[in-house]
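K.L.:
Next input, structure requested:
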Amino acid sequence: MIRRDEVDGMGRKSGEWKKANGLIKWACLLLLLAATALSGCSLEDAEPAFSSGAGSAVAGTSVAAAEEQDAVEPEAIGTAGCEAYEEEAEPGVCSYIVDCGDADECELWSERMIGEMEEWLGDLTYSEEWDVDELDSQKEADVLASYEVEGNELDLTPSDEEEEYYAWLWDRFAWIIPSDHRQMVKNFELYDHADLLAYVIQDDEDYENWTYAANQIQSTYETERVMTDIHEFGHLLSLNAEQVDPYADESECDTYMLDEGCPYQDSYIYQFYKQFWKKAVSEEEEDYVTGYAMTSVYEDFAESWSYFVMTVRPEGDSLADRKVRFFYNYDELVLLKASILGRAASWIDRNAVWE
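P.N.:
Numbering: from 1, shown residues only. Have a look, this model is predicted:
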């Protein structure tokens, strides 16, 4: 099983850390609302940042690359009202209206959604690169706080700005990932580390339960933060107790024994392993969507999954492209992609500004 000193194998890393520029003062929001009122516009006149229908991008807006993004103070779950172009995906969580009924329709809808988001945000998979001291990178994560999770609720009533920030970090993950797909998450941790963006870890006592942990120092851009949450969910998607038998002995495992247990024959992670890792492990970086994906089958799966969600279907025949297309073999994952995209678009719409 994964232990605390092994969390770097189940997380998502970046090149270096710096404090996110994301906590914009409420005064800025008030000024923005005042400017809106003076212009004669009403909240009902608001346009979506992204168009999720068959139509075009929002008229009169300029394309903003990922480098122009900054983050603003996230809105807490349960307080944000949904706009006319949104639907309430679950209590307190808004999503762009996902207008599709089957896998084929949802793939087309996702393509349009991604196209609209890229017009505003640039490359949705953009990741900052910074220099990191190797010794700092090798240090264990310093856990700062831990909270129980029950369903969609975090057992935290913020009493200061620091705790409010911790709650916001959970809110983003809970907003983007549908609650019925993360019921295994029973604990949320905050930690400090120079290099590790986030991680998930299996409970030492109840192997069916998991902890989701976030670095208190976040990436600068909201798209990268969202991408990280989707990556970590990829681990939960592939290693939960419906996919992997967490109580199996290695001698009884007829697939491929993982630290988390024995994957079932039809599990996502085992089918991915059989296709891309069983016969030979490529050492060529172009065979992976990112360099980090090269570190293990775990990270290859999670990185490929996050590219599946945040990019359109690749048309090439490279090994990296085939890994992303792997997920299109599962209709339920194509539908889940559309759901996550709709929720992510609403989150980014609320929590990123462009300079």
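
K.L.:
Give the burial count for Ala167, as a bare number.
P.N.:
Residues within reach of Ala167, counting by other CB atoms under 10 Å, total 19. Every C-beta, even on glycine, is put in place using the N, C-alpha and C of the backbone.

K.L.:
What values do phi and psi take at it?
P.N.:
Dihedral pair for Ala167: phi -60, psi -40, per degrees, to the nearest 10.

K.L.:
Looks to me like Ala89 is in a helix.
P.N.:
No: read with DSSP: H, G, I helix; E, B strand; the rest coil, Ala89 is strand and lies in no helix.

K.L.:
In the stretch 101-250 of the chain, what residue spans correspond to helices?
P.N.:
Secondary structure of the stretch 101-250 of the chain (DSSP state H, counting those that start in this stretch): helices located at 103-121, 134-138, 161-176, 222-239.

K.L.:
and if you look at the stretch 251-355 of the chain?
P.N.:
According to DSSP H, counting those that start in this stretch, the helices that the stretch 251-355 of the chain contains are 268-276, 297-310, 319-325, 331-351.

K.L.:
Could I get the buried residue list for the shortest one?
P.N.:
Meaning helix 319-325. Residues 320-321, 323-325 are the ones in helix 319-325 that count as buried (16 or more other CB atoms under 10 Å).

K.L.:
still on that earlier bit, which of the helices of the stretch 101-250 of the chain is buried the deepest?
P.N.:
Mean neighbours per residue, mean count of other CB atoms under 10 Å, is largest over these for helix 222-239, with a mean of 25.

K.L.:
What mean pLDDT does it get?
P.N.:
The average of the pLDDT scores along helix 222-239 is 97.

K.L.:
got the angle for that helix vs helix 103-121?
P.N.:
Between helix 222-239 and helix 103-121, the angle comes out at 150 degrees (axes from the mean of the first three to the mean of the last three CA atoms, to 10 degrees).

K.L.:
and helix 222-239, what does it pack onto?
P.N.:
strand 11-13, strand 69-71, helix 161-176, strand 196-202, strand 210-215, helix 268-276, helix 297-310, helix 331-351 (3 or more CB pairs under 8 Å, 6 or more residues apart in numbering; DSSP states H and E).

K.L.:
Could you identify which of these has the lowest mean pLDDT?
P.N.:
Of all the helices and strands packed on helix 222-239, mean pLDDT reaches its minimum on strand 69-71 (a mean of 56).

K.L.:
Extract the residue ranges of the protein that are flagged as low pLDDT.
P.N.:
1-48, 51-80, 130, 353-355 (pLDDT under 70).

K.L.:
Mind doing that once more with 50?
P.N.:
Residue ranges of the chain with pLDDT under 50: 1-9, 15-46, 52-67, 74-75, 78-79, 355.

K.L.:
wait, Tyr126 sits on Glu224?
P.N.:
Yes: with contact defined as CB atoms under 8 Å, Tyr126 reaches Glu224; the gap is 6.6 Å.

K.L.:
circling back to that earlier point, could you redo the helices and strands packed on helix 222-239 as a markdown table and give each row distance to Asp136?
P.N.:
Putting these into a markdown table (distance: least, CB to CB, whole Å) gives the following:
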| stretch | distance to Asp136 |
| --- | --- |
| strand 11-13 | 12 |
| strand 69-71 | 24 |
| helix 161-176 | 21 |
| strand 196-202 | 11 |
| strand 210-215 | 13 |
| helix 268-276 | 31 |
| helix 297-310 | 20 |
| helix 331-351 | 28 |
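
K.L.:
between these, which one is nearest to Cys94?
P.N.:
helix 331-351 (4.5 Å; CB to CB).

K.L.:
What residues sit buried inside that closest one?
P.N.:
333-351.

K.L.:
From the contact counts, what lies against it?
P.N.:
The contact analysis (3+ CB pairs under 8 Å, 6+ apart) places helix 331-351 against strand 86-90, strand 93-96, helix 103-121, helix 161-176, helix 222-239, helix 297-310.

K.L.:
Nearest to Gln275, out of these?
P.N.:
Minimum separation from Gln275 across these (CB to CB) falls at helix 297-310, 10.7 Å.

K.L.:
Let me know the angle separating that closest one from helix 161-176.
P.N.:
Relative orientation of helix 297-310 versus helix 161-176 (the same axes, to 10 degrees): 70 degrees.

K.L.:
residues in contact with helix 297-310?
P.N.:
Residues from elsewhere that reach helix 297-310 (CB atoms under 8 Å, 6 or more residues apart in numbering): 9-10, 12, 114, 124-125, 227, 230-235, 237-239, 268-269, 272-273, 276-277, 288-290, 292-294, 320, 323-324, 326-328, 333, 337, 340-341.
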